[in-house]
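Enquirer: Quick one: sequence and predicted model below, then my questions.
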Amino acid sequence: MARAADPVDRLDPVVLHHVVNTLGWPDLRPLQRAAIDPVMDGHDTVLLAPTASGKTEAACLPILSAMSTQAWTGTSVLYLCPLKALLNNLVTRVDGYAQWLGRRAALWHGDTGQSARQRIRTDRPDTLLTTPESLEAMLIGVKTDHAHLLGGVRAVIIDEVHAFAGDDRGWHLLAILERLQQVTGRPLQRVGLSATVGNPEQLLTWLQGSGAGSRPGRIVAPELVRPPAAPSDGTRRRTDTAGPPPGDIDLDYVGSLANAAKVIAALHRGEKRLVFCDSRRQVEELGAALRAREVTVFLSHASLAAAERARSEQAFAEGRDCVIVATSTLELGIDVGDLDRVIQIDSPATVASFLQRIGRTGRRPGSTRNCLFLTTDKDALLQAAALLVLWGRGWVEPVVPPPEPRHLVAQQLLSLTLQEHRLGDGRWPEQWNGLAPFDRSAAPILRHLTEEGFLDSDQGMLFIGPEAERLFGRRHFIELTASFTAPPQFTVLSGRTEIGRMDPAVLTEERPGPRRLLLAGRSWQVTYIDWGRKRVFVEPVDSGGIAKWSGGTPSGLSYALTRAMRDVLLGADPAVSVSRRAEVCLRAWRADHGPQLVHPGSTLVTRQGNDVRWWTWAGYRANATLGATLSAVTDPVQRPTDCWVRLREDLTPDMWQAALKAAEASPALVLPQVDERAVRGLKFSAALPLRLAMATVAARLADFDGARAALAEPKRFQVTHNP
């Protein structure tokens, strides 16, 4: 058909009518207008734009028009999100758009009741909003005829696709989409909605999976202006502007979390403020401190009960003079109403997170995006200043999938066998359409699964074996559909009301007096612990208590951010408003430590007594790689740090030079050493040979590019320094 001069004319007339008359929009935004042609033409597409740019409508309006004009039937569109809360937030809006055309949308995730699921099975919605884990549960579940429910799917919208691509859930998502294509018998159009990333072309290629290179793909980012060529230092620039976008950014140093609470209580009264912390403990402690100052405060983090989080987010959305304190759970596109301010305690670890967070403000006409950084110690101030320096340069992190996901290959082999009931031992790679690493390169993992009883083999067919039944068979193999792992937690209950979950260490540590917890910003006294069922019963008290959760595998800071911290010590200033307190602290950092830790022309090796350190400023993963590569001169028991590598006490300049020459002569760097216990952080590692599980952890701890860059720099051997 002839292409319309104005792409808006391709939208279904009913959709266009409602855009004007129901939504009251005089026109579409540039992103929404530019998305129409590629999406309606069936191209794989990444819609790249900051938060609140109308990406949902940019995907849904042309998809609905294609559904109407091409007479799609049954469940023809999947809308996938990384968070159940985001799905809950979207379903009413997506269903409203579908109803314009007499269509409908429905929701299915872990909290969806059996009656609602049965209605979906018997009366298929046109659009199904779900998570990849729930989608896999549909494929392997005995109650769902997945061919009937999902066989008509033509397009998949993946919201917050960058959040998937950067971790193991991305590998899981790609594998599930390839299996779904086997069910539908046709390629699936993939439409990803993404915040700003440093490598959009690679993100599109990743999203296309086995179709990369054979299917048309488009990046739609009309509101973004391509920056000049990348800087000579090899860093990547953001794809939105060459410099910082307009906004009101302030950097302050307050010295403690208690002082941060004092500042938040005093500033911006009468406004709606969203405060980001980067740990659940900080959220709880700050929430309690604000409540003690009679601030109306709500909390949101992953260890609060879903109902508790929903109550907080709803009350905050409807309020005015209030504060919500959250971890990254509110970084994604969950709607909490019209915000006045974003406040950041200390610093996020990435520019991408900062862009997501500042994007929650400035949505009202006449308002600007804003963020106030309140740093609680000098290290956090240095990191925040460095992050803002990177942002000012127009830099954002590339999204890179974690390497060598062998544990997920094992999970997929087991899950597919459950789905098909039996699997041909020679044709299984076809189920993923040749997508690596789920292709024939997975043969050693399949062999291990068979040898260890996870799979049984009979006359060329594979079946679920007794070991898989033993480890993963509870509740119809529900454990097999979650591609991430978390430390065990105890459920905290006040009467019959679930408050949230807490680390068991809080219950076992020796402490004087009654045992008290801090959860949901309130203090609770423990009245009874059900150790067998992992339940803690509490009653409210006026004050006291601690909040604690075990962290996951440490990842540290990136090479780029740590290098920017070095740049700040060498004199680089962020292009934002810096308070006098922050200026004084940065000056003291530079005067007291700068000459001993950084040099403009080289990295430094310093000695203080028996403590010898190489100040690489290369980031956690690069330093772990350097420690392994230079093992002849590094301390074998050290833990990696972001800024330095500890060297042997007896190091001499000659020993140092000999080790460097040996590393330069070697054809490859060395993977970091990992403890056998570290593989517990890999879900399904029990289904892998230990050596392969450890190799996966080691590959994820390495940064060869950063290590090579540090090795290539000049190095200055200093005799002493006084920190």
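Expert: Arrived safely.

Enquirer: Quick one: residues contacting the residue most central in space within the chain.
Expert: Nearest to the mean C-alpha position of the chain, by Cα atoms, centre = their mean, lies residue 163 at 4.4 Å. Residues counted as contacts of residue 163 (Cβ atoms under 8 Å, 6 or more residues apart in numbering) are 82, 169, 332. Backbone N, C-alpha and C define where each C-beta goes, glycine included.

Enquirer: Can I have the buried ones of those residues as a PyMOL selection?
Expert: Buried residues among these (16 or more other Cβ atoms under 10 Å), as a PyMOL selection:
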select buried, resi 82+169+332
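
Enquirer: Take the contacts of residue 163 and lay them out in TSV including pLDDT, distance to residue 567 and secondary structure.
Expert: TSV is the format used below for these (pLDDT from 0 to 100; distance: Cβ to Cβ, whole Å; DSSP: H, G, I helix; E, B strand; the rest coil):
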residue	pLDDT	distance to residue 567	secondary structure
82	89	33	coil
169	92	33	helix
332	72	30	coil
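
Enquirer: Can you lay out the contacts of residue 163 as CSV showing distance to residue 101?
Expert: Below are the contacts of residue 163 laid out as CSV (distance: Cβ to Cβ, whole Å):
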residue, distance to residue 101
82, 27
169, 32
332, 28
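
Enquirer: with the contacts of residue 163 in mind, which one is nearest to residue 352?
Expert: Distance to residue 352 across these (Cβ to Cβ) is lowest for residue 332, with 11.6 Å.

Enquirer: wait, isn't that closest one in contact with residue 86?
Expert: Yes - taking contacts as Cβ atoms under 8 Å, residue 332 lies within contact range of residue 86: 5.8 Å.

Enquirer: Relative to the longest strand along the chain, what are the paired strands and their orientations?
Expert: Looking across the chain with DSSP state E, the single longest strand is strand 522-530. Strand pairing for strand 522-530, using DSSP bridges, gives strand 516-519 (antiparallel), strand 535-541 (antiparallel).

Enquirer: For those, give me CSV that also has mean pLDDT.
Expert: Output for the strands paired with strand 522-530, formatted as CSV (pLDDT from 0 to 100):
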stretch, mean pLDDT
strand 516-519, 90
strand 535-541, 92
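
Enquirer: Deepest in the core, which of those strands is it.
Expert: Stretch with highest mean neighbour count among these: strand 516-519 (a mean of 23; mean count of other Cβ atoms under 10 Å).

Enquirer: Distance from the chain centre to that one, please.
Expert: Offset of strand 516-519 from its chain centre (Cα atoms, centre = their mean, to the nearest Å): 27 Å.

Enquirer: same thing with stretch 513-522?
Expert: Distance, centroid of stretch 513-522 to centroid of chain: 29 Å (Cα atoms, centre = their mean).

Enquirer: mind exporting that stretch as CSV, just the C-alpha atoms?
Expert: Presented in CSV, the C-alpha positions along stretch 513-522 are these (Å, rounded to 0.1, in the frame of the first residue of the first chain):
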residue,chain,number,x,y,z
GLY,A,513,17.4,-5.8,75.8
PRO,A,514,14.2,-6.7,73.9
ARG,A,515,14.6,-7.5,70.2
ARG,A,516,13.3,-4.7,68.1
LEU,A,517,13.0,-4.2,64.3
LEU,A,518,12.7,-1.2,62.1
LEU,A,519,10.4,-1.9,59.1
ALA,A,520,8.0,0.3,57.1
GLY,A,521,9.6,3.2,58.9
ARG,A,522,8.1,2.1,62.2
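
Enquirer: can you list contacts of it?
Expert: Stretch 513-522 is touched from outside by 284-285, 287-288, 290-291, 297-299, 303-304, 308, 325, 492, 499-500, 502, 506-507, 523-526, 536, 538, 540-541, 544-547, with contacts defined as Cβ under 8 Å, 6+ apart.

Enquirer: From those, which land in strands?
Expert: Filtering these for strands - DSSP E - leaves 297-299, 325, 492, 499-500, 502, 523-526, 536, 538, 540-541.

Enquirer: which of those residues tops the neighbour count?
Expert: Within those, most neighbours by other Cβ atoms under 10 Å means residue 325, with 32 neighbours.

Enquirer: Report the contact partners of it.
Expert: With Cβ under 8 Å, 6+ apart, residue 325 has these contacts: 275, 277, 283, 286, 287, 290, 297, 298, 299, 300, 521.

Enquirer: What is the neighbour count of the fourth one?
Expert: By the measure other Cβ under 10 Å, the count of residues near residue 286 is 26.

Enquirer: returning to what we had before: return the member of the contacts of residue 163 nearest to residue 141.
Expert: Using Cβ to Cβ, residue 169 is the member of those that lies nearest residue 141, at 19.6 Å.

Enquirer: pretty sure that closest one contacts residue 82?
Expert: Yes - taking Cβ under 8 Å as the definition, residue 169 is a contact partner of residue 82 at 6.6 Å.

Enquirer: related to what we said a few turns ago, okay, who's weakest in the ones in strands among the contacts of stretch 513-522 by pLDDT?
Expert: Least confident by pLDDT among the ones in strands among the contacts of stretch 513-522: that is residue 502, with 87.

Enquirer: show me where pLDDT drops low in the chain?
Expert: Applying pLDDT under 70 to the chain flags residues 1-4, 223-247, 333-337, 363-366, 475-476, 482-487, 550-555, 719-723.

Enquirer: packing partners for the helix or strand in which residue 710 is found?
Expert: For residue 710, the host element (DSSP states H and E) is helix 704-712. If you count contacts as 3 or more Cβ pairs under 8 Å, 6 or more residues apart in numbering; DSSP states H and E, helix 704-712 packs onto helix 559-569, helix 620-629, helix 653-665.

Enquirer: Quick one: name whatever helix or strand follows the shortest one.
Expert: Read it as helix 620-629. Next in sequence after helix 620-629, counting helices and strands by DSSP H and E, comes strand 645-647.

Enquirer: re earlier: could you list the buried residues of the helix holding residue 710?
Expert: Buried residues in helix 704-712, counted by 16+ other Cβ under 10 Å: 704, 706, 707, 708, 709, 710, 711.

Enquirer: The one helix or strand residue 202 maps to packs against which elements?
Expert: Element membership of residue 202 [criterion: DSSP H and E] is helix 200-208. On a contact count with 3+ Cβ pairs under 8 Å, 6+ apart, helix 200-208 meets strand 44-48, helix 161-165, strand 189-194, strand 217-220.

Enquirer: tell me how far that helix is from the chain's mean position?
Expert: 17 Å.

Enquirer: CA atoms of it as CSV?
Expert: Extracted C-alpha coordinates of helix 200-208, given in CSV (Å, rounded to 0.1, in the frame of the first residue of the first chain):
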residue,chain,number,x,y,z
PRO,A,200,21.1,1.7,21.5
GLU,A,201,22.2,-0.2,18.4
GLN,A,202,23.6,-3.1,20.5
LEU,A,203,20.4,-3.0,22.6
LEU,A,204,18.3,-3.5,19.4
THR,A,205,20.5,-6.3,18.2
TRP,A,206,20.2,-8.0,21.6
LEU,A,207,16.4,-7.6,21.6
GLN,A,208,16.1,-9.2,18.2
